[in-house]
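Peer 1: Okay, structure incoming, though there's no sequence with it:
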C-alpha cells in the first residue's frame, strides 16, 4: 500500500495525499520517507505550479505514530546516538523541504492536526481547515517537549508569541473556527467542500506567473528571518527587478488589460 499518493486534480496542481487513514495519517518512517520523495519530485516538476497537502479519511495528520514509528533508513552499523540524531533529522527536514520547493503549498486540513501534524500544517504556505479540523501541540502531553519540527520558530511568527506559547505549553486542543480567529488558518470550509476550496485557491495562484509566484514565496519566507525593514525592502526590490528585467510579464499584463483578456504569462 502506498502511504503517500500524488494526484493531479486540476491543471498545474498537484495533491500530496497522506494515505494512512486507519492511523489518522500518523507519521512513521514508512510515511515520512516517501513524503520527502514526493516533495522533491513535485519540486522538480516544471508543470506543477501549486501543491495541496492533505490527508486521506477523517484526519490530516495525528503526529508521530506512537504504536510503531519504525526505524530510519540507512542506519546499519551506527551506534544509538547517531541513529537517534538521524531519526530526528528525517522528521524535521520535512519543514525546510516544504519551504524550499518553488511551488506554494496549501494545507487542506481535513481533521486532527496534532503534534507533527500541526508542524506540517504550519510549515505550509497557506492553510485551509475543514469544520471538523482540530489542532494540538501534543508533544507536551506525551511527556516530551512541545517544541519540534520548527514549531517554536514558525508558530509565534504566525499567531503571535502569547497565543503560541499558550498552545505549545498547555497542549490545549482548538477547533477550526478558533484557529481561523487567531490566524492559524486563513479560512474554514465545510468538510465536504474543503478539498474543492483548496483547489480553487490553487487555481487562483495558477493564474499568475509561476516564476513570479515562486520568487514571491522565497521572499516571504526569507523576510520572516530578516532583521530590518530596509533589508526586507532591499530583497523585495532585487527580486522585483529580476522578474521585471528577465521576463515579458509586465508588458503582457498591460496588453491583456488593454485587450480585455486574461494575461498569458510565459516567464
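Peer 2: Thanks, I have it. Predicted model, so just to flag it, every value in this text is computed and none were measured.

Peer 1: Scan this structure for its longest helix.
Peer 2: Longest helix in the chain by number of residues, with DSSP state H as the criterion: helix 229-246.

Peer 1: Now do the buried residues in the next helix-or-strand element following it.
Peer 2: As assigned by DSSP states H and E, the chain's next helix or strand after helix 229-246 is helix 249-259. Neighbour-count burial for helix 249-259, with 16 or more other CB atoms under 10 Å as criterion, is recorded at 249, 252-253. From N, CA and C alone the C-beta is placed, and that goes for glycine too.

Peer 1: Over to stretch 57-67?
Peer 2: So, applying 16+ other CB under 10 Å, buried residues of stretch 57-67: 57, 59-65.

Peer 1: host element of residue 181?
Peer 2: helix 176-182.

Peer 1: Next secondary structure element downstream of that helix?
Peer 2: Toward the C-terminal end, the helix or strand that comes next after helix 176-182 (DSSP H and E) is strand 187-189.

Peer 1: gap between stretch 184-203 and the chain center?
Peer 2: Remark: stretch 184-203 is offset 14 Å from the chain centroid, using CA atoms, centre = their mean, to the nearest Å.

Peer 1: Quick one: end-to-end distance for that stretch.
Peer 2: One end of stretch 184-203 to the other measures 22 Å (CA to CA, to the nearest Å).

Peer 1: Report the residue spans of this protein with pLDDT below the cut-off.
Peer 2: For the chain, the stretches flagged by pLDDT under 70 are 1.

Peer 1: Tell me where it has strands.
Peer 2: Listed in chain order, the strands found in the chain under DSSP state E are 4-10, 13-18, 50-55, 105-109, 112-114, 126-130, 134-136, 174-175, 187-189.

Peer 1: Now mean neighbour count and distance to residue 32 too, for the ones you listed, in a markdown table please.
Peer 2: Below are these laid out as a markdown table (neighbours: other CB atoms under 10 Å; distance: least, CB to CB, whole Å):
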| stretch | mean neighbour count | distance to residue 32 |
| --- | --- | --- |
| strand 4-10 | 15 | 9 |
| strand 13-18 | 23 | 10 |
| strand 50-55 | 26 | 13 |
| strand 105-109 | 28 | 16 |
| strand 112-114 | 27 | 16 |
| strand 126-130 | 26 | 20 |
| strand 134-136 | 23 | 20 |
| strand 174-175 | 16 | 25 |
| strand 187-189 | 18 | 27 |
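
Peer 1: nearest to residue 78, of those strands?
Peer 2: strand 4-10 (25.4 Å; CB to CB).

Peer 1: For that closest one, enumerate the helices and strands it packs against.
Peer 2: Applying 3 or more CB pairs under 8 Å, 6 or more residues apart in numbering; DSSP states H and E, we find strand 4-10 packed against strand 13-18, helix 29-43, helix 194-206.

Peer 1: ok, and the closest non-adjacent residue to residue 21?
Peer 2: residue 57 (2.7 Å; CB to CB, 6 or more residues apart in numbering).

Peer 1: got a list of what residue 119 touches?
Peer 2: 95, 148-151, 154 (CB atoms under 8 Å, 6 or more residues apart in numbering).

Peer 1: and the closest residue to residue 205 other than its chain neighbours, bridged to which residues?
Peer 2: In this structure, residue 205 finds its nearest non-sequential neighbour in residue 50, 5.0 Å apart by CB to CB, 6+ apart. Assessed by DSSP bridges, residue 50 has beta-bridge partners residue 13.

Peer 1: Verify the stated contact: residue 50 with residue 202.
Peer 2: Yes. Counting by CB atoms under 8 Å, residue 202 is a contact partner of residue 50 at 4.1 Å.

Peer 1: Please enumerate the shared neighbours of the two.
Peer 2: Going by CB under 8 Å, 6+ apart, residues that sit against residue 50 and also against residue 202 are 13, 106.

Peer 1: possible to save the buried residues of helix 249-259 as CSV with distance to residue 240?
Peer 2: Output for these, formatted as CSV (distance: CB to CB, whole Å):
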residue, distance to residue 240
249, 11
252, 16
253, 14
